[in-house]
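Undergrad: Quick one, what's the 3D model for this:
(one chain, ligands or ions: 1)
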Amino acid sequence: MIVDICKNIYFAGSETTALLATWTLILLAKHPQWQQRVRSEIQETYSHMSLHCFRDMHKFPKLKSLTMVIQESLRLYGPAVTASREALEEMKVGELVVPKGVNMWFFIPSLHRDPQIWGEDACEFKPERFAGGVSEACKYPQAYIPFGFGSRICLGQNFAVIQAKIILSLMLSRFSFSVSPNYRHSPAYRMLLVPKFGAPLIVTNL
Ligand code: HEM
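TA: Below is the predicted model of the structure:
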């Protein structure tokens, strides 16, 4: 059982976080003004960037632009595509009667890109929509579920965001990223949301 739990956490926690960092780097490579804004914020917060900077977490809340960028990345290209729930008894969802035992699958990207929830610019990369938090970014905050919802919400959500902030801070403080001419934008819904043809980026030393 312990081995099973370890496998679960490894599966749930490694590829997901790697994809979050990958999609965020792609978005920042495509939006250099946001890349520079996040980099300046990191440099202002940590004057000499190294892994030791993160032993003390009290400066983390200062990385506001990075937080907004990660939230927007999770909205547009959140690695988890579906969440599922089983009806333990017959229930009504709106007009729909769901019989006991039926598994319902929620397609997360359709909630995250619905113009009725996010506005006409729902498909655009606009981290500023999160400046006032999730509740001000959309009509129904319950519609923002990159880590699922309710009692089975992702166990590692805080850990994942902290990891992403550390990885991205270290990378952005040393390198600049632009999109390679070989990049083909093709998000593919597999078990997780992957860039079908990889993420070739041009990395330049700062
Ligand atoms: C960007 C990174 C991640 C994303 C997008 C993500 C997303 C999700 C989603 C959508 C669920 C299903 C929640 C639901 O059904 O309501 C889930 C469950 C879970 N996640 Fe994550 N996850 C991430 C990282 C992690 C990490 C780093 C760990 C552990 C170190 C982790 C551990 C788990 C576990 C154990 C569950 C099952 C929780 C349960 O059934 O009670 N996840 N995750």
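
Undergrad: and the nearest residue to G148 once chain neighbours are set aside, which of the three is it?
TA: Take G148 and drop its neighbours on the chain: the residue closest to it by C-beta to C-beta, 6 or more residues apart in numbering is A83, 4.6 Å away. (Glycine included, C-beta is placed from N, CA and C.) At A83, secondary structure determined by DSSP: H, G, I helix; E, B strand; the rest coil is strand.

Undergrad: what does the model give the spatially most central residue of the chain for pLDDT?
TA: The centre of the chain sits closest to L74, judged by C-alpha atoms, centre = their mean, with a distance of 2.5 Å. Listed pLDDT for L74 reads 98.

Undergrad: Are the helix or strand where it lies and the ligand in contact anywhere?
TA: L74 belongs to helix 64-77 when elements are defined using DSSP states H and E. No - residues of helix 64-77 are not located near the ligand by C-beta under 6 Å from any ligand atom, the shortest gap being 6.6 Å.

Undergrad: before we move on, the earlier item: hang on, the residue nearest to G148 packs against F147?
TA: No - at 9.1 Å, A83 does not count as touching F147 under the criterion of C-beta atoms under 8 Å.

Undergrad: Endpoints of stretch 147-161, how far apart?
TA: 11 Å (C-alpha to C-alpha, to the nearest Å).

Undergrad: With stretch 143-159 instead?
TA: Chord length of stretch 143-159, first to last residue, is 22 Å (C-alpha to C-alpha).

Undergrad: same check, this time on stretch 136-155
TA: Start-to-end span of stretch 136-155 (C-alpha to C-alpha) is 25 Å.

Undergrad: May I see the buried residues of it?
TA: Of the residues in stretch 136-155, A137, C138, A143, Y144, I145, P146, F147, G148, C154 count as buried by neighbour count, 16 or more other C-beta atoms under 10 Å.

Undergrad: And stretch 87-99, by the same measure?
TA: Neighbour counts over stretch 87-99 (16+ other C-beta under 10 Å) mark V98 as buried.

Undergrad: which helices and strands does the longest helix anywhere in the chain pack with?
TA: Using DSSP state H, we find that the single longest helix of the chain is helix 157-174. Packing contacts for helix 157-174, counted by 3 or more C-beta pairs under 8 Å, 6 or more residues apart in numbering; DSSP states H and E, involve helix 15-30, helix 32-45, helix 64-77.

Undergrad: among those, which is the most enclosed?
TA: helix 64-77 (a mean of 22; mean count of other C-beta atoms under 10 Å).

Undergrad: Residues touching it, excluding its own?
TA: 19-20, 23-24, 26-28, 34, 37-38, 41-42, 112-113, 118, 123, 125-131, 134, 137, 144, 146, 161, 164-165, 168-169, 187, 193 (C-beta atoms under 8 Å, 6 or more residues apart in numbering).

Undergrad: which residues are there in the protein that come within reach of the ligand?
TA: Applying C-beta under 6 Å from any ligand atom, we find that the chain lies next to the ligand at 8-9, 12-13, 16-17, 20, 78-80, 83, 146-149, 152-156, 159-160.

Undergrad: Quick check: nearest residue in space to I153, chain neighbours excluded?
TA: Take I153 and drop its neighbours on the chain: the residue closest to it by C-beta to C-beta, 6+ apart is F147, 5.7 Å away.
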